[in-house]
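I need the structure of the sequence given here:
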Amino acid sequence: MIKFGTGGWRAIIADAFTKENVQILAQAVVKELSKKEIVIGFDRRFLSDIAAQWLAEVFAGNGIHVYFIKRAVPTPMIMFATESLKLDYGLAVTASHNPAIYNGIKVFTYGGRDATQEVTAVLQKNTETNDPVSVMDFETGIKEGLIEYYNPQNEYIDAVLNFVDTEAIRKAQLSVLVDTMFGVSKTSLSIILNTTRCDVDIINDRHDTLFGGKLPSPASTTLHKLSDLVRENHYDIGIATDGDADRIGIIDENGRFIHPNLLIALIYRYLLVEKGWHGPAVRNLSTTHLIDKIAAKYGQYVVETPVGFKHITEGMDESGAIIGGESSGGLTIAGHIKGKDGIFAATLLVEMIAVTGKKIGQLVNELYQEFGDLYNDERDYSFTLATRERIETLLFADRALPDFEKEVDRISYMDGLKVYFKDNSWISARFSGTEPLIRIFVESDSNRENLRLIEILEKFLDIKGN
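Below is the predicted model of the structure:
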């Protein structure tokens, strides 16, 4: 019942996400602890706070000291705590941007990084051994000193502030509108932006386990209100964070949604040009090749990885990269935590506006002028088990391809299918590791060409978009 994907274990509440399974997973982690301590945190989803207590009861029952974060906090703060406390493991109860019927658990390992596939494979195997689960009542654990309330907020916020040019942000006196998407970014972003003398307003910050009836995912389709308010009230930037605040979505000064692909490219260029850093970048296979163009101009290179931020972290470690990012809005840079952080990314973008004296929209236009236009598209498709089996056979066993009516440069099966064309366009198809979806990503020099490529692959796979 417990299956790990690219972003930890996620399941439908009361189906696979149950007290029994949560505590089985906790017992599986106990077997891997060399240091008898762990940190546990949670977001604002339905059952997250209670499930965090279920986890803590198992660790306390096994004599493990639990640093229990009492309030809902951003996932990157839990990663930060895992690193700063030098723990073997940290756990966050969250299903990130999934629909409200889901919950889950993200697992972090030493250094505050996402657990690798090797680690999650061991944990998943441990859950299948039917070992007895030892439990101590939560309140008893508190009284016995095995469960300790802990708050890493001040240290985390100080770490973010110490990383950016706070004086430049203060001088810029920017106006910022934040959409927390009913998630957990309000306190951290408010303190950071107010400390740097930004004029800050916040929307969608109440506790709503249904996320206002929308996916808590910062995308063009979910940020209409933020877009309208930024444009109407002349904010310098609109910032949205997903349910657990490890990813961002940005609205520019004109109310235009800026795709995360562009944000990663902007920050990479900013690090190279304005901050004078040197080093490669890491992106997953679904992320724009605009980053490759920037790297080439400044004598750097790009490492491509499978989807899942753990792969980006590994790529950064191996290559000495200065930035890692993904098209879904997650990114980090060297010297910060080894995982995606929407709070930090938002702060860095605010710094970029302040230092350059240019708004996001202007910076995007300059990026296009320097490197040319690239257009991205993404489509999601639901599937039945039979559909999945048919597509897996077609693409990965038979390795069949449609005729895209253009010259193919190379083909990769590193993570699903990715076809690279001679004209530097590309298309990919893969099964999501966090939701029951097939995803197609495409990039070319025109929206018309994107649509043409998508229609060819849709017809070949016999699927229709959601």
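
Looking at strand pairing, list the partners for Asp114.
Beta-bridge pairing for Asp114 (DSSP bridges): Phe108.

which ones are touching it?
The contact partners of Asp114, by Cβ atoms under 8 Å, 6 or more residues apart in numbering, come to Gly7, Gly8, Lys106, Val107, Phe108, Gly308, Phe309, Lys310, Thr313, Lys338, Gly339. Quick note: C-beta positions are derived from backbone N, CA and C, even for glycine.

all helices of the stretch 201-350 of the chain, in order?
Taking DSSP state H, counting those that start in this stretch to define them, one finds helices in the stretch 201-350 of the chain at 224-233, 260-273, 290-297, 309-319, 342-356.

mind putting those in CSV, mean pLDDT, mean neighbour count and distance to Ser412 included?
Listed next are the helices of the stretch 201-350 of the chain as CSV, based on pLDDT from 0 to 100; neighbours: other Cβ atoms under 10 Å; distance: least, Cβ to Cβ, whole Å:
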stretch, mean pLDDT, mean neighbour count, distance to Ser412
helix 224-233, 98, 17, 35
helix 260-273, 96, 23, 19
helix 290-297, 97, 20, 14
helix 309-319, 94, 22, 14
helix 342-356, 97, 24, 27
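
Looking at those, which is nearest to Ala172?
Ala172 lies closest to helix 342-356 among the helices of the stretch 201-350 of the chain, at 3.7 Å (Cβ to Cβ).

Would you indicate which residues of whatever helix or strand comes next after that closest one are buried?
Next helix or strand after helix 342-356 toward the C-terminus (DSSP states H and E): helix 360-371. Neighbour counts using 16 or more other Cβ atoms under 10 Å place Ile360, Gly361, Leu363, Val364, Leu367, Phe371 of helix 360-371 among the buried residues.

Likewise for stretch 398-416?
Phe404, Lys406, Asp415, Gly416.

what's the most distant pair in the residues you listed?
It's Lys406 and Asp415 that sit farthest apart of the buried residues of stretch 398-416, by Cβ to Cβ, at 22.6 Å.

How about the spatially most central residue of the chain, nearest residue that isn't a chain neighbour?
By Cα atoms, centre = their mean, the chain has its centre lying nearest to Gly330, at 4.0 Å. Spatially, and ignoring its direct neighbours in sequence, Gly330 is nearest to Lys340 (3.1 Å; Cβ to Cβ, 6 or more residues apart in numbering).

what does Phe257 give?
Ser220 (4.1 Å).

other SSEs contacting the helix or strand Asn450 falls within?
In this structure, Asn450 sits in helix 447-461 according to DSSP H and E. In terms of contacts (3 or more Cβ pairs under 8 Å, 6 or more residues apart in numbering; DSSP states H and E), helix 447-461 is packed against strand 375-382, strand 426-431, strand 437-444.

so can I have CSV of the buried residues of stretch 398-416 showing pLDDT, secondary structure and distance to Gly41?
Shown next, in CSV, are the buried residues of stretch 398-416 (pLDDT from 0 to 100; DSSP: H, G, I helix; E, B strand; the rest coil; distance: Cβ to Cβ, whole Å):
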residue, pLDDT, secondary structure, distance to Gly41
Phe404, 97, coil, 46
Lys406, 96, coil, 48
Asp415, 95, coil, 29
Gly416, 96, coil, 32
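
can I see the domain layout of this structure?
For the chain, automatic domain parsing gives the domain ranges 4-151, 156-371, 375-461.

Sounds good, over and out.
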